[in-house]
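1. Sequence plus predicted model, see below.
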Amino acid sequence: AIDFKTTMASVEFPSIFLNASGVNCMTVAEMDEMINAACTGGVVTKSATPQQREGNPQPRYYQLEHGSINSMGLPNAGFPYYLDYVTKEHAKPTILSVAGLQMSDNIELLHKIQASEYTGLTELNLSCPNVIGKPQVAYDFEETDALLAEIFSFYTKPLGVKLPPYFDLVHFDQMAAILNKYPLTHINTVNSVGNGLWIDIDTEKVVIKPKQGFGGLGGAMILPTALANVRAFRQRLNPSIKIIGTGGVTSGKDVFMHLLCGADMVSVGTALLHEGVGIFQRLTDELAAIMAEKGYTSIEDFRGKVQDF
Ligand SMILES: O=C1NC(=O)NC(C(=O)O)N1
């Protein structure tokens, strides 16, 4: 059988597959389910804010024909809950996702993790599009640069960032130049495509309540955007910065494309929500079949080797 284990920041993940933060990771039960499921590499927690949050009013999630739209608004059990979970022993690695609602929150959360017993990976979510009145931090390059400079003046544990999708090659250049200045373990790209809109033509109403129906897009329809972001950053980032490819994965073919673009790990959101944790065995089997058909015996045979036309 093909070996799908991978290492990030000297942490060994038994598989390349993770949940996208926000899906199957709100509670201990859900996080345990991810860890105990076949073919998962571990679990990424729901992005933790300093205090527990109810999130946005419902309905705040809607399934589309080829994806999803959400404006959850960072509902979560609060930072202590997730720090407590990841600090305990688990059969597979954890990634602690955190999201401040302003810069001082981010600094405070990372000081707490630095001072804690937790030695695993942390992921700073710089890209939630759904907190009413709050911007996606990673679209403000100066703010992101200043934040990372402040963090790495004290933070010495493994840290990655969750990025929104970018849509301009100059933005890839600018963001990669910033990220390459810091000893990041990884980036996780992409978060949902921010502020899409969907309408039910029978009622002539938008389909989610928060923000007049504006919400982050996920699922199959964002795969081309996700692939572009994975490839663009792989081409531009120091090889020491690994990439978790997220966005639009529903099949082994999609996983194969993320890996061809250079992803080191692959996370699944919308499709995991719809199919449950059994999806990871299916994706593994489908990827293995594609590799066998092509005569590949290791992901290293093709990772990052997408060819120009
Ligand atoms: O970073 C996030 N991305 C999303 O698409 N939704 C959630 C949320 O709204 O909590 N957060």
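-> Looks like it arrived, so ask away.

2. got the residues of this protein near the ligand?
-> Within the chain, the positions adjacent to the ligand are 22, 47, 70-74, 125, 127-128, 130, 191-192, 216 by CB under 6 Å from any ligand atom. C-beta here means a position set from N, CA and C on the backbone, and glycine is covered the same way.

3. my guess is Lys5 meets Ser15, correct?
-> Yes - Lys5 is within contact range of Ser15, at 6.6 Å (criterion: CB atoms under 8 Å).

4. Show me which of those two is the more surrounded one.
-> Ranked by neighbour count (other CB atoms under 10 Å), Lys5 and Ser15 place Ser15 first, with 21 against 11.

5. wait, what's in contact with that one?
-> Going by CB atoms under 8 Å, 6 or more residues apart in numbering, Ser15 touches 4-6, 39-41, 280, 284.

6. Let's see the PyMOL selection covering just the buried ones among those.
-> Of these, the buried ones go into a single PyMOL selection, burial set by 16 or more other CB atoms under 10 Å:
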select buried, resi 4+6+39+40+41+280+284
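
7. quick check, nearest of the contacts of Ser15 to Gln63?
-> Phe280 (20.1 Å; CB to CB).

8. if we can go back for a sec, hmm, which of the contacts of Ser15 is lowest in pLDDT?
-> Lowest-confidence member of the contacts of Ser15: Phe4, scoring 89 (pLDDT).

9. so where do the helices sit in the stretch 151-300 of the chain?
-> For the stretch 151-300 of the chain, helices defined by DSSP state H, counting those that start in this stretch occupy the ranges 169-179, 223-236, 252-260, 270-275, 279-294.

10. Does the shortest one pack against any helices or strands, and if so which?
-> Counting contacts by 3 or more CB pairs under 8 Å, 6 or more residues apart in numbering; DSSP states H and E, the secondary-structure elements packed against helix 270-275 are strand 67-70, helix 279-294.

11. can I get the ones you listed in JSON lines with distance to Tyr85?
-> Listed next are the helices and strands packed on helix 270-275 as JSON lines, based on distance: least, CB to CB, whole Å:
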{"stretch": "strand 67-70", "distance to Tyr85": "23"}
{"stretch": "helix 279-294", "distance to Tyr85": "20"}
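
12. which of the ones you listed is buried the deepest?
-> strand 67-70 (a mean of 26; mean count of other CB atoms under 10 Å).
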